[in-house]
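J.: kindly return the folded structure for what I paste below:
(one chain, ligands or ions: 2)
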Amino acid sequence: MAEMKNEFAKEKSLVVIKPDGIQRGLIGEIIKRYENTGLKLVALKMFIPAPDFVEKHYLVDPEWPIKTGTKTIKSYKDKGENPPSEDPLEITRKVLDNLKKYISSGPVVAMVWQGAHAVGLIRKITGSTEPLTSDVGTIRGDYTIDSYSLADIDGRAIRNLIHASGTPEEAEKEIALWFHPEEINEYRLINEAMLYDVNLDGILE
Ligand code: GDP
Ligand code: MG
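T.: Ligands and ions are numbered 1, 2, ... in the order given. Here you go, the predicted model:
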């Protein structure tokens, strides 16, 4: 098999099937969607995350609390509603408490997927954060029904089946938190020749 010519094929993304994804019986379906793209699964495990671990995960991006709080306040105002607080960090504290309860409520499946554009492709297939407004054809759009309004009424986190890294930099930090280096498998997938080889010169006898 010819050598892989570029480093793009090494991009990695962390994907976590959250407890609702496990309980809904969607592990196979979710993995299939990522696998069908040609991306390579390089790590996988199942465990019940502790609440403190969930907090560490969301705080891997130091900007996440301020971004999330600001976004939430804006979405209330866009709908003509009053946000529960004008302080973004106070809003995020509640979001984070709800996320800790949600993600630590049962086993999750954590995975690392690798390949060109891994982060962007996985976000595209996963769909946007709120299932109600996620595109048809995405995992969140096709397989669940939750909305911010429903979650807010019940004071809980939005149940959207999956976490997927937002940027390659975020992925690197998240993977370091979720996996030991020796849990990441470095191997070649036969399919990769079709995706990345420059000359496709290994087909004909
Ligand atoms: P993701 O990357 O699409 O999962 O979204 P983010 O990284 O922006 O947020 C992580 C998680 O925080 C989401 O899965 C939601 O559970 C929660 N979250 C983010 N933004 C909001 C929001 O505006 N309101 C509420 N209630 N929760 C939010
Ligand atoms: Mg995110």
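
J.: can you report how many residues neighbour residue 76?
T.: 16 (other C-beta atoms under 10 Å). Yep, even glycine has a C-beta here, placed from its N, CA and C like the rest.

J.: same check on residue 132?
T.: Residue 132: 16 neighbours (other C-beta under 10 Å).

J.: with residue 183 instead?
T.: Residue 183 has 14 nearby residues by other C-beta under 10 Å.

J.: just give the nearest non-adjacent residue to it, would you?
T.: residue 43 (5.2 Å; C-beta to C-beta, 6 or more residues apart in numbering).

J.: and the one you found, how far is that from residue 182?
T.: According to C-beta to C-beta, to the nearest Å, residue 43 and residue 182 sit 10 Å apart.

J.: who's more crowded, these two?
T.: A count of neighbours by other C-beta under 10 Å puts residue 43 above the other of residue 43 and residue 182, at 19 against 7.

J.: how would you label that one: helix, strand or coil?
T.: Under DSSP: H, G, I helix; E, B strand; the rest coil, residue 43 falls in the strand class.

J.: before we move on, what about the one 3 residues further on?
T.: Reduced to three states with three-state DSSP, the structure at residue 46 is strand.

J.: please name the bridge partners of it.
T.: With DSSP bridges as the criterion, residue 46 is bridged to residue 109.

J.: that one contacts residue 109, doesn't it?
T.: Yes - using C-beta atoms under 8 Å, residue 46 is in contact with residue 109, at 5.1 Å.

J.: pick out whichever of these two has more residues nearby.
T.: residue 109 (20 against 12).

J.: thought that one was touching residue 22?
T.: Yes - counting by C-beta under 8 Å, residue 109 does reach residue 22; the two are 6.6 Å apart.

J.: what about the residue nearest to the spatial centre of the chain, distance to residue 139?
T.: A centroid search over the chain (C-alpha atoms, centre = their mean) returns residue 164, at 1.1 Å, as the residue closest to the centre. Using C-beta to C-beta, residue 164 is found at 9 Å from residue 139.

J.: name the residues contacting each of those two.
T.: residue 126 (C-beta atoms under 8 Å, 6 or more residues apart in numbering).

J.: what's stretch 64-84 in contact with?
T.: 58-59, 85-96, 148.

J.: what residues does this protein put near ligand 1?
T.: 68, 71-72, 75, 95, 99, 129, 148, 151, 157-158, 160, 163, 166 (C-beta under 6 Å from any ligand atom).

J.: do that again at 8 Å, thanks
T.: Proximity of the chain to ligand 1, by C-beta under 8 Å from any ligand atom, involves residues 58, 61, 64, 67-68, 71-72, 75, 91, 95-96, 98-99, 102, 123, 126, 128-129, 148, 151-152, 157-158, 160, 162-166.

J.: the chain: strands as residue ranges?
T.: Along the chain, the segments classed as strands by DSSP state E run 12-17, 40-47, 108-114, 162-164.
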